[in-house]
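A.B. asks: sequence first, predicted model second:
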Amino acid sequence: MNVAQDNYVEVQATVEPFINDLGWLQHYGVAHIANSILNANELDRAVAELTVASRAAGHRASYMECVAHVEEYLHTQWGTCHCSVSERADDRLHKAEDNYDNLSLPVMD
């Protein structure tokens, strides 16, 4: 073999993995990868948990703000026993946020 043939073989060996990767990308593509992530059941559960927890925490916060205005206006102690959301709503929201932030998807492994 001469130098040109040696160089050609070396370049071919270098380029071949890129050609294989290109074929993989053409077959699977970014859209396929994004769909796999967005359709993951673990992500659905984490988002649902986060949505429910944030609604509950928001409802409780709004109720507490309203109670503060009523107490100020009526000069009386109203209490929070009428609120349908437990006092742990904020804790549940923080837990849901933490679960979402640290979510590990099998499709990403």
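C.D. replies: That came through, no problem.

A.B. asks: could you pull out the helices in the protein for me?
C.D. replies: When assigned using DSSP state H, the helices of the chain occupy the ranges 3-38, 41-74, 89-101.

A.B. asks: quick one: list the elements packing against the longest one.
C.D. replies: With contacts defined as 3 or more Cβ pairs under 8 Å, 6 or more residues apart in numbering; DSSP states H and E, helix 3-38 has no packing partner among the helices and strands. C-beta: built from backbone N, CA, C; applies to glycine.

A.B. asks: that helix: which residues count as buried?
C.D. replies: By neighbour count with 16 or more other Cβ atoms under 10 Å, helix 3-38 contains no buried residues.

A.B. asks: between it and helix 41-74, how big is the angle?
C.D. replies: Between the direction of helix 3-38 and that of helix 41-74, the angle (axes from the mean of the first three to the mean of the last three Cα atoms, to 10 degrees) works out to 40 degrees.

A.B. asks: got a markdown table for the helices of the chain, with distance to T80 and mean pLDDT too?
C.D. replies: As requested, those are exported to a markdown table (distance: least, Cβ to Cβ, whole Å; pLDDT from 0 to 100):
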| stretch | distance to T80 | mean pLDDT |
| --- | --- | --- |
| helix 3-38 | 39 | 78 |
| helix 41-74 | 6 | 91 |
| helix 89-101 | 11 | 93 |
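
A.B. asks: between the ones you listed, which gets nearest to M108?
C.D. replies: Of all the helices of the chain, helix 3-38 sits nearest to M108, with 6.9 Å by Cβ to Cβ.

A.B. asks: show me what contacts the nearest residue to M108 once chain neighbours are set aside?
C.D. replies: Residue nearest to M108 in three dimensions, not counting chain neighbours: I37, with 6.9 Å by Cβ to Cβ, 6 or more residues apart in numbering. With contact taken as Cβ atoms under 8 Å, 6 or more residues apart in numbering, I37 is in contact with L43, L105, V107, M108.

A.B. asks: residues near the closest residue to E97 other than its chain neighbours, how many?
C.D. replies: Sequence neighbours aside, L50 is the residue nearest to E97 in space, at 6.6 Å (criterion: Cβ to Cβ, 6+ apart). When neighbours are counted by other Cβ atoms under 10 Å, L50 registers 18.
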